[in-house]
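**Student:** I would like to see how this sequence folds:
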Amino acid sequence: MAFDPSRVRALLFDVDGTLADTDDQMIGSLDARLGPIRRLFPARDARPFLRWAVTTAIAPVNTLIGIPDLLHLDQPMIVAANWVSDHVFRSGPGHFTLMPGIVALLSHLHARYPLGIVSARSERATLNFLKQYQLVDFFNVIAHAQSARYTKPHPHPIAWCAERLGVAPGECLMIGDTSVDVESARRAGAQSVGVLCGFGGRAALERAGANSILAQTTDLADLLAPSPLKTQIL
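**Tutor:** The predicted structure is shown next:
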């Protein structure tokens, strides 16, 4: 279904690969841990393979993340995820990388729409990122892995945010980089925009039912209201 901007009354953003440049950070971290194994790859560069592997695995992995919710085992999962985040990918306070142009984009959109976060990260990791770049005040609601009863790809996080923003789920626009973001929005009756600056590929986002696909998150300004504003954001 084609994107209908007239329906949009609130914007919901994924974090990883959408606001945070997590894919490059993750691939760089994995590459650094390969050591001598990098010699087995063409030009001793494992990064193209790692990017393919992460992109291929991310959708099923994100889907599996929702299983502990159904089994009421999400709290131990959060503890384990926090440890991996801190010790393997070193994404504690001060270690996130922001996508270019995001602060200007959010500043512009915040004046026009209520904004929310819908992340599968833990509360601590989500807030670490937002606080690092002073983004907290842009968002009227923040849904992390422990907020709604179930996490993405379940529709609960979308509905949870919509209720707190005072809009219907169908009036929300979910912006994310994977099919899990798109599926969560579709199941909630919301529209979705897939971005290609993160983990997801165009084919997977199209199969999931994204209403629009953008090269990067900052292209959202033109999608919502085509204008010269994009040049100001970039």
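**Student:** doesn't Arg149 make contact with Pro157?
**Tutor:** No - Pro157 is not in contact with Arg149 according to Cβ atoms under 8 Å; the separation is 9.1 Å. The way it works is simple: take the backbone N, C-alpha and C, and place the C-beta from them, glycine included.
**Student:** So between those two, which is more surrounded?
**Tutor:** Set side by side, Pro157 and Arg149 show more neighbours around Pro157, with 29 against 12, by other Cβ atoms under 10 Å.
**Student:** Please, which helix or strand holds that one?
**Tutor:** Here Pro157 sits within helix 156-165, counting by DSSP states H and E.
**Student:** Give the partner strands of the very next helix or strand once past that helix in its sheet and their orientations.
**Tutor:** Using DSSP H and E, the helix or strand that follows helix 156-165 in sequence is strand 172-176. Paired with strand 172-176 in the same sheet, following DSSP bridges, are strand 10-13 (parallel), strand 191-195 (parallel).
**Student:** tell me the angle strand 172-176 makes with helix 156-165.
**Tutor:** Strand 172-176 runs at 130 degrees relative to helix 156-165, counting by axes from the mean of the first three to the mean of the last three Cα atoms, to 10 degrees.
**Student:** List of residues touching strand 172-176?
**Tutor:** 8-14, 17-18, 116, 118, 158, 161-162, 165, 181-182, 184-185, 188, 190-195, 198, 200, 217, 220 (Cβ atoms under 8 Å, 6 or more residues apart in numbering).
**Student:** now with 7 Å?
**Tutor:** Here strand 172-176 makes contact (Cβ atoms under 7 Å, 6 or more residues apart in numbering) with 8, 10-14, 18, 118, 158, 161-162, 181-182, 184-185, 190-195, 217, 220.
**Student:** With that, I have no additional questions.
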